[in-house]
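Q: coordinates only, no sequence provided:
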């Protein structure tokens, strides 16, 4: 069926945005709110949004008037009787949504498609409240609806194929990019985003890394536009907690079980930007939403060491040379790069631990492991691990016995090299990998399970969550073999099955295949 007229039940911020999307596409819209004052506020939200578009030159005054003229406030549910599609945008509570569907059964045509904008609740359970469950579809818009291009179209085992096809076609007419999936908690975007955000909270609450370093590791080390803790503040900690609880009920496991700190902050009313306090304080003169490290803002940058002892664990392990005691064998790429950077900055480099120096740097990979080479060199208190996560970002790793002086010297070295730095615990994955690798594993597992294609996964995360590149593309860029190796180290170190590489990821690595385009 061709959808020409639509109804929107619930005209809060999200409902008003969805009504605007429909009206901009030329559809006739009837907006229903139980509270007359709320209906007036919703219409005002819509009018202000269109007014901003006019002020930015995106719309003319005539277009503004035409669009707002297509939206008719409805005094009651009965005013939706002629709609081809009705979407409910009421609070994310199952009882309320089921009540709305029961009311729509009484007033709408039998062939009217009923859509729910739920972001995490079971569409099947919502549909079960209808006398016509075959016409119920999930149509999940992202906030702000006028700007965000993704729409997740969710069908159930009861949905008639024609209903899913009609809604998918409608999303295209609206100028959106639809991703059609079946009913599963979190669908694509939330099922991938929330476990990653939850893991970041766990790293913070266990003292693995600081708030600022966690967010900087993501923005500078992975290239995402916002760090996970700043993003949780933007979404709302209470909203994120509610979605995680739904995911945990369906899937279980450490990735979905809400971090205790997330629950405590929510209980304390620190739910993010909307309350002025979350992981960060709002408003503030400077909010580190991009994850700027306070280390880098310090005016009293420590002096750089004059001479650095560079220890290469790889050279020691591969039998090509001692790398720890006596003359080093051929250096690995990681230590050669560090030596080159230090030499270019005018810092003397020695590879002999017996030579006096101001600092010992252990050139580690994402697997970590500073204490062993440091102890073998007899320089544990003076040793700091260093890993170049990106050409301009270093991960600094101390051992339990690293001295404050060594850490200060390492910070001075980073400043001399012109790098940014994050501190990480000496654990498999370090900080960037600990955040990124399980996230990529979740994405490939979703493809492996046949729930979504790799193209749909990347589309959902780029258009729905603002990623510059989707997880599958990020995996290809990072190197599948590198990520698999990192995950295996994390799995061995923690014993958590959530860190074990998925079978499909392992096959990609074994076959030397790019994950981009596979599983589509």
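A: Now that the structure is in, tell me what you want to look at. All of these numbers come straight from a predicted model, not from anything done at the bench.
Q: what ranges does the stretch 101-250 of the chain have for its helices?
A: Counting by DSSP state H, counting those that start in this stretch, the stretch 101-250 of the chain has helices at residues 123-127, 161-173, 189-205, 211-221, 228-235, 237-251.
Q: can the ones you listed go into JSON lines with extra columns for distance to residue 58, mean pLDDT and mean neighbour count?
A: For every residue, glycine as well, the C-beta is placed using N, CA and C. Below are these laid out as JSON lines (distance: least, Cβ to Cβ, whole Å; pLDDT from 0 to 100; neighbours: other Cβ atoms under 10 Å):
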{"stretch": "helix 123-127", "distance to residue 58": "33", "mean pLDDT": "95", "mean neighbour count": "22"}
{"stretch": "helix 161-173", "distance to residue 58": "19", "mean pLDDT": "96", "mean neighbour count": "18"}
{"stretch": "helix 189-205", "distance to residue 58": "26", "mean pLDDT": "98", "mean neighbour count": "23"}
{"stretch": "helix 211-221", "distance to residue 58": "29", "mean pLDDT": "98", "mean neighbour count": "25"}
{"stretch": "helix 228-235", "distance to residue 58": "24", "mean pLDDT": "97", "mean neighbour count": "24"}
{"stretch": "helix 237-251", "distance to residue 58": "29", "mean pLDDT": "95", "mean neighbour count": "20"}
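Q: who wins for proximity to residue 24 among those helices?
A: helix 161-173 (10.9 Å; Cβ to Cβ).
Q: list the helices and strands the closest one packs on?
A: strand 85-88, strand 113-116, strand 136-141, strand 150-155, strand 177-182 (3 or more Cβ pairs under 8 Å, 6 or more residues apart in numbering; DSSP states H and E).
Q: now those in JSON lines, with mean pLDDT and mean neighbour count?
A: Converted to JSON lines, the helices and strands packed on helix 161-173 look like this (pLDDT from 0 to 100; neighbours: other Cβ atoms under 10 Å):
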{"stretch": "strand 85-88", "mean pLDDT": "98", "mean neighbour count": "25"}
{"stretch": "strand 113-116", "mean pLDDT": "97", "mean neighbour count": "27"}
{"stretch": "strand 136-141", "mean pLDDT": "97", "mean neighbour count": "26"}
{"stretch": "strand 150-155", "mean pLDDT": "97", "mean neighbour count": "25"}
{"stretch": "strand 177-182", "mean pLDDT": "96", "mean neighbour count": "20"}
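Q: need these in CSV (columns: distance to residue 189).
A: CSV is the format used below for these (distance: least, Cβ to Cβ, whole Å):
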stretch, distance to residue 189
strand 85-88, 18
strand 113-116, 16
strand 136-141, 8
strand 150-155, 7
strand 177-182, 8
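Q: who wins for proximity to residue 14 among the helices of the stretch 101-250 of the chain?
A: Nearest of the helices of the stretch 101-250 of the chain (Cβ to Cβ): helix 237-251, 11.7 Å.
Q: now that closest one, how far from the chain's geometric center?
A: Distance of helix 237-251 from the chain centroid (Cα atoms, centre = their mean, to the nearest Å) equals 15 Å.
Q: what's the pLDDT at residue 328?
A: Per-residue pLDDT puts residue 328 at 48.
Q: equivalent analysis for residue 473, please.
A: Reported pLDDT for residue 473: 97.
Q: list the buried residues of the helix or strand it falls within.
A: Following DSSP states H and E, the helix or strand that holds residue 473 is helix 471-478. By 16 or more other Cβ atoms under 10 Å, the buried positions in helix 471-478 come out as 471-476, 478.
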